[in-house]
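Participant: only geometry, no sequence info:
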């Protein structure tokens, strides 16, 4: 990867909070999205480019580096994008191009790759190559993308399916939230590799199978056939911290079939007061305890957005932001920001 000195890209944004006739004008959803991205980067990205999970012991995971890269591209912040990518390349990237999963106390403590981090990092690099005019970044995206297809997919009757990582190819274990179809669609455009289109189509079919029955909630883990599965730690199937990401990602899908999967969950969430949405549900929609987390509120907002209820979506995003402000976490801050950027801007590629 070419090493360049960071250069800040200035975004031309509408003035927000400007006083008009003695009142503050409301900030647009696009401005709120950039604010949320900046807040996550301010809170969790160090001056040397490492993303710190400050509420989880101060370690770093590949997913966090990928989130920072994606949000920096979304905010047009080239300097912080390059910081986050260079740290990941220097400290996490394996000889095969994938990213080792966890770094703590000065070293990688688990070099197993996680498909979501690899896919999102490749997506962010492709976007950055286009936005910042750097073909080397596009080349980095292609390298990681090739490694994902080679080592983190398995053959299925209708094409190829992303599994949870190289470790999951034999067990054929899928984490549905790793199936970021918009990233696959963008990588098809960046790399001109038609395999990505086929993987995206197979992913939508799995997610449709997973959510076929009311209340249309995906589960955290699945077989390659879309059957709900126990988590690797033995936890029973549930819609929780992982699966909530599925609805956000599908709500931004350029394919109407993907958006329809996210929209199908909206009647379930619409029946619950925003301040009563909990962090985890059974596949049948029964709450699993009283704990709350912004990620599930964000998922409800995404379902509303996909269903065309944009007022409800913005209200729920505001609720998620307030919940994260009251109890800040790395994961909550990341997904409030990612949802706002995906749903309310076109800065992550939009639809061709």
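Facilitator: Looks like it arrived, so ask away. Everything numeric here is computed off the predicted structure, so don't read it as measured data.

Participant: got the buried residues for stretch 77-85?
Facilitator: 77-78, 80-85 (16 or more other C-beta atoms under 10 Å). For every residue, glycine as well, the C-beta is placed using N, CA and C.

Participant: make JSON lines out of these and add distance to residue 295, pLDDT and secondary structure.
Facilitator: Shown next, in JSON lines, are the buried residues of stretch 77-85 (distance: C-beta to C-beta, whole Å; pLDDT from 0 to 100; DSSP: H, G, I helix; E, B strand; the rest coil):
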{"residue": "77", "distance to residue 295": "23", "pLDDT": "98", "secondary structure": "coil"}
{"residue": "78", "distance to residue 295": "28", "pLDDT": "98", "secondary structure": "helix"}
{"residue": "80", "distance to residue 295": "23", "pLDDT": "98", "secondary structure": "helix"}
{"residue": "81", "distance to residue 295": "24", "pLDDT": "98", "secondary structure": "helix"}
{"residue": "82", "distance to residue 295": "28", "pLDDT": "98", "secondary structure": "helix"}
{"residue": "83", "distance to residue 295": "25", "pLDDT": "98", "secondary structure": "helix"}
{"residue": "84", "distance to residue 295": "21", "pLDDT": "98", "secondary structure": "helix"}
{"residue": "85", "distance to residue 295": "25", "pLDDT": "98", "secondary structure": "helix"}
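
Participant: quick one: which two of those residues are the most distant?
Facilitator: The span of the buried residues of stretch 77-85, defined through C-beta to C-beta, is set by 77 and 85 at 12.0 Å.

Participant: how many residues are close by the residue lying closest to residue 53 once chain neighbours are set aside?
Facilitator: Spatial nearest neighbour of residue 53, excluding adjacent residues (C-beta to C-beta, 6 or more residues apart in numbering): residue 330 at 4.4 Å. If you count neighbours by other C-beta atoms under 10 Å, residue 330 ends up with 21.

Participant: same question, residue 47
Facilitator: By other C-beta under 10 Å, 6 other residues sit near residue 47.

Participant: just to revisit the earlier point, pLDDT value on the residue nearest to residue 53, please?
Facilitator: Residue 330 is assigned a pLDDT of 98 by the prediction.

Participant: again with the one 5 residues further on
Facilitator: The per-residue pLDDT reported for residue 335 equals 98.

Participant: that one - that's part of a helix, no?
Facilitator: Yes: Residue 335: assigned to a helix according to DSSP: H, G, I helix; E, B strand; the rest coil.
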